[in-house]
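Colleague: What follows is a protein structure lacking sequence information:
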């Protein structure tokens, strides 16, 4: 069961949309039309690191409706962030 979690519990900004699937599986949701570029990917990785500091062994998946640039895809995968493409 997936439920929305208060991002402030993990030290994230309050506008962050964070969903929790299991005790250690999180989904970071970004719904927008503009492209996700490297600057955004750096911010995403920082958010993921904050979650992993609070929950040891957590896995975080990025779910987005925005197009993601190829450099960002590579960077996110190198830093252990998988992503789903939502419609």
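Modeller: Yep, that arrived. All figures in this text were calculated on a predicted structure; none of them were measured in a lab.
Colleague: Strand partners (parallel or antiparallel) of the lowest-mean-pLDDT helix or strand in the chain?
Modeller: Of all helical and strand segments in the chain, the minimum by mean pLDDT, DSSP states H and E falls on strand 82-85, at a mean of 81. Paired neighbours of strand 82-85 in the sheet (DSSP bridges): strand 59-64 (parallel).
Colleague: can you list contacts of the strand it pairs with?
Modeller: Judged by C-beta atoms under 8 Å, 6 or more residues apart in numbering, the contacts made with strand 59-64 from elsewhere in the structure are 19, 24-32, 36, 44, 48, 51-52, 76, 80-86. All C-beta spots, glycine's among them, are computed from the backbone N, C-alpha and C.
Colleague: picking up where we left off before, buried stuff in the least confident helix or strand of the chain?
Modeller: For strand 82-85, the buried set under the neighbour-count rule, 16 or more other C-beta atoms under 10 Å, comprises residue 83.
Colleague: So residue 76 sits against residue 43, correct?
Modeller: No: in this structure, residue 76 sits apart from residue 43 without contact. The criterion is C-beta atoms under 8 Å, and the distance is 11.2 Å.
Colleague: quick one on the thing from earlier: and the buried ones among the contacts of strand 59-64, selectable in ChimeraX?
Modeller: Paste this into ChimeraX to select the buried members of those, with burial taken from 16+ other C-beta under 10 Å:
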select :26,27,28,29,30,36,44,48,51,52,76,81,83
